[in-house]
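Trainee: My questions concern the predicted model and sequence given below.
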Amino acid sequence: MSDSENDLAVEVSGLTRRFGRFTAVDHVSFSVQQGEIFGFLGANGAGKTTTIRMLCGLLAPSAGSGTVAGYDITREYEKIKLRIGYMSQKFSLYDDLTVRENVGFYGGIYGLSHRRVEERTKELFAIIGLEELQYRLTSSLPIGWKQRLALCASLLHDPRIVFLDEPTSGVDPVSRRNFWKLIYTLSDMGKTVFVTTHYMDEAEYCHRLSIMKRGRIIEMDNPHSLKDKYRVQTMQEVFLASVRREEA
Amino acid sequence: MKSPLFSLFRKEVIHILRDRQSLFMVLTMPVLMLLLYGYAITLDMKQIDMIVADQSDSPQSRELIRHLTATDFFSVRVATGGVDNINSLFQSREAQCVLVVPADFAETRNAGQVSRVQLAVDASDPNAAKFIENYVTQAVGESRIGSASLFSLEPRVLYNPDMRSAPFFVPGLIALILLLISTLLTSIAIVREKETGTMEQLLVSPVKPPQIIIGKVLPYTVLGFLDGLIILVVGSLLFQVPIQGSLLLVMLMMLVYVVTGLSLGMLVSTMAKTQSVAMLVAITLTVLPSMLMSGFIFPITSMPKVLQWFSRIVPATYFLEIIRGIVLKGNDLSNLYRPAGILLGIDVLLLVLSIRTFRIRLE
């Protein structure tokens, strides 16, 4: 029931998170369709990571409500965890494990059988292209490949929704482009991709996006409509114009 | 079947085996500590400086001196004709005790009368002073054989007949070192993952706190147990401490005790914010109480009541009772079920507490 095709992948309203007297996320409401690539744009500290963490069940919201994959984010986060993949902003796999060991480990903690892990690893390595590197120690990988490995680990249990928190930060332009090709592949496979970034060129690739500032969503639409609205050519300009408008 | 628990266990084993430097440290540090403490902490006394002021200078007085020099307890210097000022000898640390044999020593002995020999002891170290007094009394007694006495006391010393301090201290050292090492092993286990960020990836997965805690404790149990065996063998052979009771029982109890330390470390790790804080807390929680409150050096019965109560929550107190019982007295489980049961209870309590304090959400 909760996983039916017609449901929204993510739906939140009035989502708020305070740390002491600081409000990191301030009454945010939005929804994401199944299969959509939904972008979260904003400067550092705008509240992107805090929002993602609340959606993944890592942080309890201070106020507001929401569902992910049809489950309540405040009560049913254990069910949500089985249906989502998450790639955190900071590389968070084990450096002293090989590529294969890392993947096997994450398969294991999601309760996948040995055979299933083998199957999925083969599939994903073919898509992501980690085959030749699988016996290398993770610490020896270039950053771009580490990001791909992290993506691979977050996809092993075949989640419907993938949360990617700044997956391309610190990565060279060619690797970034390749990573976005992967994101499109995922979308083609029917997965919902929720991605945060502060690269404006990447914003163009999203189906729909929201711009965040100081914990609030100040703009939300598809890239084309946004550019029309501000009568500009690039998302960079959209971003600057929308942020400036807020300050005025 | 690839269960989450097994995956966590396997991952932890890989961490341990790949970090050669830490592994080397973990396996050698206990031996180093055992050697350091083992040789430094001893109550056995040797070569006490003694000056015998022999005013008698007779065959009888020389016989007495012969008895005193027979052991290596005293290093005797004879001052024929006596000394001027005992106090200055103590002040300048030339002697720790002075025995004054009076000029009429030979005459009174021959006459069968009581002769008064004076012993002056520097009691700034009261423990040493007591030892000296006992030894001299014993030596004087031996030289008096043949003279009449109503009854004689013949002491029979059990369990440690030579009264060496090694059989008393080495089991205590094992208790101290093993708890310190095992607590340190896990104290950084959770915080490290928090600091490197890998914990976040674990928390979005469906793994449960008990799986994380147990998956981490299990591999370190093997490592801690290995450490225990190493110091048991080295301690027993090097310091000549024979194990009177069952070796298997010692090992089993060591296993229980290692888990105590690991669970304590795990609890620290779930609460600490940084690795350095965790390690500091782990050291403080284990070393001081184990050393001072467990009966390792100072008997619990002579402590103030409050400290006696405190000693009952120190795990080393129970392990000391167990290991000294087995090693020195050959105790079996029927003598030790109480401390063994309490130790096992502490294990369970600490594990449950670590699982309860483990936060599956970020703050």
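Mentor: Received the coordinates, thanks. Numbering: from 1, shown residues only, chains lettered A, B, ... in the order given.
Trainee: any low-confidence regions in the chain?
Mentor: Let's take chain A. A:1-6 (pLDDT under 70).
Trainee: Actually, chain B is the one I wanted.
Mentor: For chain B (pLDDT under 70), the answer is B:1-2, B:143-153.
Trainee: make it 80
Mentor: Residue ranges of chain B with pLDDT under 80: B:1-2, B:41-45, B:71, B:81-82, B:112, B:114, B:139-155, B:157, B:162-163, B:363.
Trainee: The residue of chain A found nearest chain B - how many residues pack around it?
Mentor: With C-beta to the nearest C-beta as the measure, residue A:108 is the residue of chain A nearest to chain B, at 2.6 Å. Backbone N, C-alpha and C define where each C-beta goes, glycine included. By other C-beta atoms under 10 Å in any protein chain shown, the residues close to residue A:108 number 25.
Trainee: SS state for it?
Mentor: helix (DSSP: H, G, I helix; E, B strand; the rest coil).
Trainee: Identify the residue nearest it in space, chain neighbours excluded?
Mentor: In this structure, residue A:108 finds its nearest non-sequential neighbour in residue B:7, 2.6 Å apart by C-beta to C-beta, 6 or more residues apart in numbering or on different chains.
Trainee: can you check residue B:300 too?
Mentor: Closest to residue B:300 by C-beta to C-beta, 6+ apart is residue B:311, at 5.0 Å.
Trainee: who's in contact with the one you found?
Mentor: B:293-295, B:300, B:303, B:317 (C-beta atoms under 8 Å, 6 or more residues apart in numbering or on different chains).
Trainee: Just the ones in strands from those, please.
Mentor: Counted as lying in strands by DSSP state E, out of the contacts of residue B:311, is not a single one.
Trainee: of those residues, closest to chain A?
Mentor: Checking the contacts of residue B:311 one by one against chain A (C-beta to the nearest C-beta), the nearest turns out to be residue B:294, at 36.8 Å.
Trainee: how about the residues of chain A near chain B?
Mentor: Contact residues, chain A versus chain B (C-beta under 8 Å from any C-beta of the partner chain): A:53, A:56-60, A:78, A:81-82, A:84, A:86, A:88, A:90-94, A:96-97, A:101, A:104-114, A:117, A:153.
Trainee: could you redo the last one with a cut-off of 7 Å?
Mentor: A:53, A:56-60, A:78, A:81-82, A:86, A:88, A:90, A:92-94, A:96-97, A:101, A:105, A:107-114, A:117 (C-beta under 7 Å from any C-beta of the partner chain).
Trainee: Helices - which of those land there?
Mentor: A:53, A:78, A:81-82, A:101, A:105, A:107-109, A:114, A:117 (DSSP state H).
Trainee: elements contacting the strand or helix carrying residue B:248?
Mentor: Secondary structure assigned from DSSP states H and E places residue B:248 in helix B:247-271. Other helices and strands packing on helix B:247-271, by 3 or more C-beta pairs under 7 Å, 6 or more residues apart in numbering or on different chains; DSSP states H and E, are helix B:166-187, helix B:189-196, helix B:209-238, helix B:275-292, helix B:315-329, helix B:333-357.
Trainee: Save these as CSV, and put in mean neighbour count too.
Mentor: Output for those, formatted as CSV (neighbours: other C-beta atoms under 10 Å in any protein chain shown):
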stretch, mean neighbour count
helix B:166-187, 25
helix B:189-196, 20
helix B:209-238, 19
helix B:275-292, 18
helix B:315-329, 24
helix B:333-357, 16
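Trainee: For those helices, could you give me CSV that also reports distance to residue A:130?
Mentor: Below are the helices and strands packed on helix B:247-271 laid out as CSV (distance: least, C-beta to C-beta, whole Å):
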stretch, distance to residue A:130
helix B:166-187, 33
helix B:189-196, 21
helix B:209-238, 26
helix B:275-292, 31
helix B:315-329, 47
helix B:333-357, 35
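Trainee: and residue A:23, which of those helices is closest to it?
Mentor: Nearest to residue A:23 among those is helix B:189-196 (24.5 Å), distances taken as C-beta to C-beta.
Trainee: Please enumerate residues in contact with the closest one?
Mentor: Here helix B:189-196 makes contact (C-beta atoms under 7 Å, 6 or more residues apart in numbering or on different chains) with B:199, B:202, B:216, B:266, B:269-270, B:272, B:274-275, B:278.
Trainee: about what we covered before: from the ones in helices among the residues of chain A next to chain B, which two are the most distant?
Mentor: A:53 and A:114 (31.3 Å).
Trainee: who has more neighbours, these two?
Mentor: residue A:53 (26 against 12).
Trainee: My read is that the more buried one contacts residue A:68, right?
Mentor: No: between residue A:53 and residue A:68 there is no contact under C-beta atoms under 7 Å: 12.0 Å.
Trainee: At the contact with chain A, which residues of chain B appear?
Mentor: B:1-2, B:4, B:6-8, B:11, B:14-15, B:18-19, B:197-198, B:200-201, B:203-207, B:361-362.
Trainee: now those: which count as buried?
Mentor: B:2, B:4, B:7-8, B:11, B:14-15, B:198, B:200-201, B:203-207 (16 or more other C-beta atoms under 10 Å in any protein chain shown).
Trainee: among these, which are in helices?
Mentor: B:4, B:7-8, B:11, B:14-15, B:198, B:200-201, B:203.
Trainee: and those as JSON lines, adding distance to residue A:26?
Mentor: Putting these into JSON lines (distance: C-beta to C-beta, whole Å) gives the following:
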{"residue": "B:4", "distance to residue A:26": "37"}
{"residue": "B:7", "distance to residue A:26": "39"}
{"residue": "B:8", "distance to residue A:26": "38"}
{"residue": "B:11", "distance to residue A:26": "39"}
{"residue": "B:14", "distance to residue A:26": "43"}
{"residue": "B:15", "distance to residue A:26": "41"}
{"residue": "B:198", "distance to residue A:26": "30"}
{"residue": "B:200", "distance to residue A:26": "23"}
{"residue": "B:201", "distance to residue A:26": "27"}
{"residue": "B:203", "distance to residue A:26": "24"}
